[in-house]
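Asker: okay, sequence plus prediction incoming.
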Amino acid sequence: MKKLIIANWKMNPQGLKEARRIFSEIKKVASRMPRVETIICPPCVYLSLFGDSISKRRLNLRLGAQNVFWENPSAGGGAYTGEISAQMLKNLNVKYVIIGHSERRKYLGETDEMINKKIKNALNNNLKVIFCIGEQERDIEGSYLYFIKNEIEAGLKNIPRKLFKNLIIAYEPIWAINKKGKDADKPEDVFQISIYIRRVLLGIMGKELSRSIPILYGGSVEPENAENILKEGGVQGFLVGHASLVPRDFNKILKIAQSVK
Ligand code: 13P
């Protein structure tokens with residue numbers, strides 16, 4: 001399985017010129033990494049800038065969105081002010097979408113139910129879904145494990161099994177996000193949780209499918225910690241925030257992913 005390294009630019013950068021610069025510097029390196037699929041998720045206002053330049057298969061570079069609405073225009077004549085449909089994304093050559101990010105849960109009030117509807121609709125529209133989960137804190141009693149299980153089960157509720165081939169899980173413990181240089185999760189803990197997540201998936205979709213779902217780690221991934229987490233964490237890649245805006249750092253992470261067996 002190829003490693004998946006996903007850049008989540010969040011609400012950055014503020015201008016087109018800077019977006020183009022970051023994109024082209026990453027593209028130069030990403031296109032030379034045959035064992036890595038690099039996915040750049042810029043704010044939606046920049047998606048149309050990049051759609052054409054990544055259409056070639058051999059580039060190993062794909063576009064992702066940071067959000068998508070749960071309805072298709074047919075359901076309400078497109079009367080959903082401010083929202084973006086799966087079809088609009090596909091028309092811009094977008095293949096992936098992030099759903100359930102903790103920042104959207106926190107600041108936009110996205111609930112498990114909304115996230116479930118978004119996942120269902122995105123998968124139905126043939127987008128690959130990067131479904132984010134992760135606990136606020138890791139208590140010694142272990143109730144965070146129930147929290148993670150509930151998040152996964154609620155997000156995937158009543159979704160036909162055949163759609164899971166396009167699912168990716170991104171485990172992002174909230175306490176480890178945006179810590180810049182410290183406090184990423186420890187590789188051995190990521191390993192334990194990746195096994196736990198796979199067990200939860202097993203209960204939902206059975207052995208074969210659950211084995212095929214990529215599990216990624218996110219939360220202060222940087223060039224300094226990427227290698228150990230990738231080697232020992234049992235994950236197939238990363239969802240990278242702040243380091244994905246610094247091409248030198250992100251490209252180092254890509255090279256590490258290319259070199260780790
Ligand atoms: P940081 O890499 O900045 O911690 O962000 C992680 C994240 O939220 C990616 O989706």
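Answerer: Happy to help now that I have it.

Asker: which residues of the stretch 151-261 of the chain fall in strands?
Answerer: 167-171, 215-218, 237-240 (DSSP state E, counting those that start in this stretch).

Asker: low-confidence ranges in this structure?
Answerer: Scanning the chain for pLDDT under 70 picks out 55-58, 181.

Asker: excluding its backbone neighbours, what's nearest Arg35?
Answerer: Leaving aside its chain neighbours, Arg35 sits nearest to Gln258 (5.3 Å; criterion: CB to CB, 6 or more residues apart in numbering). Using the backbone N, CA and C atoms, a C-beta is placed for each residue, glycine as well.

Asker: burial of that neighbour, as a residue count?
Answerer: Gln258 has 18 neighbours, counted by other CB atoms under 10 Å.

Asker: so it touches Val36, yeah?
Answerer: Yes: Gln258 is in contact with Val36 according to CB atoms under 8 Å; the separation is 5.2 Å.

Asker: and the residue in the chain that the ligand sits nearest to, what does it touch?
Answerer: Closest to the ligand within the chain is Gly241: 2.1 Å, counting by CB to the nearest ligand atom. Neighbour list for Gly241: 8, 10, 177-178, 218, 220-221 [criterion: CB atoms under 8 Å, 6 or more residues apart in numbering].

Asker: for those residues, give me a markdown table that also has neighbour count.
Answerer: As requested, those are exported to a markdown table (neighbours: other CB atoms under 10 Å):
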| residue | neighbour count |
| --- | --- |
| Asn8 | 26 |
| Lys10 | 17 |
| Ile177 | 19 |
| Asn178 | 12 |
| Gly218 | 27 |
| Ser220 | 23 |
| Val221 | 28 |
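
Asker: between those, which is closest to Arg198?
Answerer: Using CB to CB, Gly218 comes nearest to Arg198 of these, at 17.1 Å.

Asker: what number of residues lie near the nearest residue to the closest one once chain neighbours are set aside?
Answerer: Setting aside the residues directly before and after it, Gly218 is nearest to Leu239 in space (CB to CB, 6+ apart), at 3.4 Å. Look at Leu239: counted by other CB under 10 Å, it has 28 neighbours.

Asker: who's in contact with the residue nearest to Arg35?
Answerer: With contacts taken as CB under 8 Å, 6+ apart, Gln258 has the following neighbours: 3, 33-36.

Asker: do Lys117 as well
Answerer: By CB under 8 Å, 6+ apart, the neighbours of Lys117 are Trp70.

Asker: shouldn't it be within a strand?
Answerer: No: looking at Lys117 with DSSP: H, G, I helix; E, B strand; the rest coil, it is helix, so not inside a strand.

Asker: OK, contacts around the nearest residue in space to Ile152 that is not next to it in sequence?
Answerer: Once flanking residues are discounted, Ile152 sits nearest to Val200: 5.1 Å by CB to CB, 6+ apart. For Val200, the contact set (CB under 8 Å, 6+ apart) comprises 148-149, 152-153.

Asker: could you pick out the buried ones from those?
Answerer: Among those, those that count as buried by neighbour count (16 or more other CB atoms under 10 Å) are 148-149, 152.
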